[in-house]
Structures are given as structure tokens and as C-alpha cells.
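Undergrad: Show me the folded form of this:
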Amino acid sequence: MDYKDFSQHTYKKLIEALQISGYAFQPFEEFLQSPKEKVVVLRHDIDLKAKNALQIAQIEHNLGIKASYYFRVVPQSNKPEIIKAIVALGHEIGYHYEDVTLCKGNMQQAIHHFEKQLQYFRQFYPVKTVCMHGSPTSKYDNRTLWQQYNYKDVGLIGEPYFDVDFTKVFYLTDTGRCWDGERYSVRDKVKSSFTLHFHTTDEIIIAAKAGKLPKQVMITTHPQRWTTNLFAWAWELVLQSAKNQVKRVINCQ
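TA: Coordinates of the predicted model:
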């Protein structure tokens, strides 16, 4: 069992390797407004275990970088004191929305719920970006809300799945608890022009040090997967393995 990968120590090594390789770091809102030429956008989707997100945020702060943190409204993610602490470290906060799923496809209810939750998160931070939660076991795609409404009408400037050209920005996500988990992903997918593939974090680190990564990269992580607690690390491995099998069945339907 490889305890090295998906530990916070390995995450720190990844960020340090990207820094050594000359990458700047921008939160998503900054990237949309004034993208740097050689840059990494760090996006964290807080599905569960908000405490882990604070630990990741502290690592980034200690390294002098800022990232984007997207919180769900469910209690496992929505921890006001942790949100406040992450904001205090200088990071961006956004809403990890799943309103279509929560409202069972009723779009009118969903947009009202979305606007209410957006206002809630804006008490902590002037939220400018949001990102959909994949809700893999739901028949609803939360992004369909924007077929009837426009998030820019409520002062938002971006949503990664709509406002990033992934033919120019290389996308990496730890969905499936690996970096090549496309077969396990129900909705966290993008159309990419890049042919690079990585399975482990060490492979990304090696590529970064060798100058083999594209100039603009978005990295999405789920902090519940990253821990130095051996029991929590092993439990996440077992749990994610089970989830992956379920997702493979969903994708085959």
C-alpha cells in the first residue's frame, strides 16, 4: 500500500515542484480577470471533511500561494468557522452548487435555492465564481440550471466548466483518487486537446521538474482525499475504491 500518495506531505511536494518550475499561482477569479502566462489555478472542491481543506489552505499559505475553495451547503462541507479561517489565509471562496439535484429538477426552485445559498456564502467572502458539484448518483446535471438562467445576472464572473478553454488550459483532477480517473468520473470531465496522462502525483512532480507540463494548468483536488492520518488515509482508499466501481456502472448505463 502506497501511503506516500494522497498525503498532505505529497501535496506540499507537488506545489513546491510547480514553484521551482516557475509557475505562478492564481485563484480562479484572478485567472479569469488577468491570467498569467505560466500559471497554475488550484481549485479545491470541498465535498466532505472541511477540516482537511483548512489544513491544505494552511500549507498553501505557508508557501505564499492562493487557491480557490468551493463549499457545498451540506453540513460535512459547510463549516462557517473553517470557511472564515480559509478566507483569513487569503484564499478565494466559492459555492459548490448542486441546486438542481437538491430541488429534484425543479428549475424555478433551484434558481431560488442557488441565489439564497450564494448570498449565504457572500457573508464570508465576495463570491465571484461558482463550480458545480457532480452529484454522481443523481440523474440531474446541476449545470442544466444555466440553460434557463444566467449566473452572471447575480454578479458572478465565472464557472470553470463554462468559462475555461480546456484546449488551452491543461486540466488535472483527482476524481477517483488518481489523476487518470476518467472512467470513474460521471461529470467531472472536460474536452481537452492535451495527450498527457498521469496516474500518481509523483508522475506529475517529475513532469513539472522536467518542464513537460503546459504553461497553463488547472488542478482540482478534493481535500478529503489528502491526509497524513494513516487510518483516515486507508479508509478513504477503501471507500473511494467502492465508489469507483459504482461510478463505472453508472458510466456504462
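Undergrad: helices or strands up against the longest strand along the chain?
TA: Identified as the longest strand of the chain according to DSSP state E is strand 39-46. Under the contact definition 3 or more C-beta pairs under 8 Å, 6 or more residues apart in numbering; DSSP states H and E, strand 39-46 sits against strand 24-25, helix 28-33, helix 50-62, strand 68-71, strand 216-221. Any C-beta I mention is one placed from the backbone N, CA and C, and that applies to glycine too.
Undergrad: what mean pLDDT does stretch 104-116 have?
TA: The average pLDDT within stretch 104-116 is 98.
Undergrad: So what angle separates the directions of the longest strand of the chain and strand 216-221?
TA: Taking axes from the mean of the first three to the mean of the last three C-alpha atoms, to 10 degrees, one finds strand 39-46 and strand 216-221 inclined to each other by 20 degrees.
Undergrad: who does strand 39-46 pair up with?
TA: Its sheet considered, strand 39-46 pairs with strand 24-25 (parallel), strand 68-71 (parallel), strand 216-221 (parallel) by DSSP bridges.
Undergrad: And the ones you listed: which comes nearest Gln148?
TA: For the strands paired with strand 39-46, proximity to Gln148 was assessed by C-beta to C-beta; strand 68-71 is nearest, at 22.1 Å.
Undergrad: so what's Lys66 up against?
TA: Contacts for Lys66 (C-beta atoms under 8 Å, 6 or more residues apart in numbering) come out as Phe25, Gln26, Pro27, Glu30, Glu60, Gly90, His91, Glu92.
Undergrad: what's around the fifth one, how many residues?
TA: This means Glu60. By the measure other C-beta atoms under 10 Å, the count of residues near Glu60 is 22.
Undergrad: Retrieve the pLDDT associated with it.
TA: Note for Glu60: predicted pLDDT of 98.
Undergrad: pretty sure it is touching His91, no?
TA: Yes - counting by C-beta atoms under 8 Å, a contact exists between Glu60 and His91, whose distance comes to 7.2 Å.
Undergrad: Now list whatever residues contact both of those two.
TA: Common neighbours of Glu60 and His91, counting by C-beta under 8 Å, 6+ apart, are Lys66, Ala67.
Undergrad: where in the stretch 51-200 of the chain is pLDDT low?
TA: Judged by pLDDT under 70, the stretch 51-200 of the chain has its weakly predicted residues at 183-186.
Undergrad: Just the strands from it, written as ranges.
TA: 68-71, 92-97, 130-132, 170-173 (DSSP state E, counting those that start in this stretch).
Undergrad: closest to Glu16 out of these?
TA: When those are compared for distance to Glu16 using C-beta to C-beta, the nearest one is strand 170-173, at 16.5 Å.
Undergrad: Relative to the whole chain's centre, how far out is the helix or strand that that closest one is followed by?
TA: Note on strand 170-173: by DSSP states H and E, the next helix or strand toward the C-terminus is helix 201-209. Using C-alpha atoms, centre = their mean, to the nearest Å, we find the averaged C-alpha position of helix 201-209 to lie 19 Å away from the chain's own average C-alpha position.
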